[in-house]
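In: what's the 3D shape of this:
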Amino acid sequence: MNSHVDRSTIRPTTEMRGEDDAETSELQVMLETARSYVTSFGWCDGIEEEFFGLGIGGIVGVFLFRIRPVGAIDEWLWVIAGDLPSAYLVTDRAASPTEALEVYCELMEDWIRVVRRGGDLRDAFPVLAEPNPTNADLLERRVVFLRNRIITPGGR
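Out: Got it, this is the predicted structure:
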């Protein structure tokens, strides 16, 4: 296991359970989305191991994958999926699922800022959404929810 990740914060995806069967099914859908997302990149030749960090069915799931990298790519990646743009993150700045979600929020906030000022998106994390004010507003609402309800419940 990558030394950057706190093993106590994750479990194998085979042990992933929601509060009920419906939420477990929603978490499974997000896991499939995360798998498809990370394997869609040419630098990923498959998934060797997968872990569940945290999630709320239908909203967000944080997964850790050990991939078969092609080239000089990190072997361990966090993948965030759900009712928001999917993203992958290296583990250097995120030892836990909550920290990964914090980094995700920072990346999405950067995208929102660039979109709102009409800047060049080449320096922002690639978000699979049309870069317009409406999508920036929708993403901002999701980021606020993640920060207030998952990362620091009760707000900052």
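
In: Let's test this: mean pLDDT of the helix ranked longest in the chain, rounded?
Out: As assigned by DSSP state H, the longest helix anywhere in the chain is helix 97-117. Regarding helix 97-117, the rounded mean pLDDT is 97.

In: Contacts for it next, please.
Out: 9-10, 53-54, 60, 62, 64, 78, 80, 84-85, 87, 89, 91, 93-94, 119-121, 123-125, 127, 131-133, 135-136, 139-140, 142-143, 146-147, 150-151 (Cβ atoms under 8 Å, 6 or more residues apart in numbering). To be clear about C-beta, it is placed using only N, CA and C from the backbone, and glycine gets the same treatment.

In: Just the buried residues of the residues you listed.
Out: Among the contacts of helix 97-117, those classed as buried by 16 or more other Cβ atoms under 10 Å are 9-10, 53-54, 60, 62, 64, 78, 80, 84-85, 87, 89, 91, 94, 124-125, 127, 131, 135-136, 139-140, 142-143, 146-147, 150-151.

In: Just give me the neighbour total for residue 104.
Out: Residue 104 has 26 neighbouring residues, counting by other Cβ atoms under 10 Å.

In: Okay, it and residue 125: tell me how far apart.
Out: Applying Cβ to Cβ, to the nearest Å, the value for residue 104 to residue 125 is 9 Å.

In: joint contacts of those two?
Out: What both residue 104 and residue 125 touch, as defined by Cβ under 8 Å, 6+ apart, is the set residue 87.

In: which residues does residue 24 contact?
Out: By Cβ under 8 Å, 6+ apart, the neighbours of residue 24 are 16, 17, 18, 57.

In: Secondary structure element for the closest residue to the second one other than its chain neighbours, which one?
Out: Leaving aside its sequence neighbours, residue 17 sits nearest to residue 24 (Cβ to Cβ, 6 or more residues apart in numbering; 5.4 Å). Under the criterion of DSSP states H and E, residue 24 resides in helix 21-39.

In: C-terminal to that helix, which secondary structure element comes first?
Out: With DSSP H and E, the next secondary element past helix 21-39 is strand 44-56.

In: Buried residues, the following helix or strand past that next one. List them.
Out: As assigned by DSSP H and E, the chain's next helix or strand after strand 44-56 is strand 60-69. With burial defined by 16+ other Cβ under 10 Å, the residues of strand 60-69 counted as buried are 60, 61, 62, 63, 64, 65, 66, 67, 69.

In: Adding pLDDT, write those out as a markdown table.
Out: Below are the buried residues of strand 60-69 laid out as a markdown table (pLDDT from 0 to 100):
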| residue | pLDDT |
| --- | --- |
| 60 | 97 |
| 61 | 98 |
| 62 | 98 |
| 63 | 98 |
| 64 | 97 |
| 65 | 97 |
| 66 | 97 |
| 67 | 97 |
| 69 | 96 |
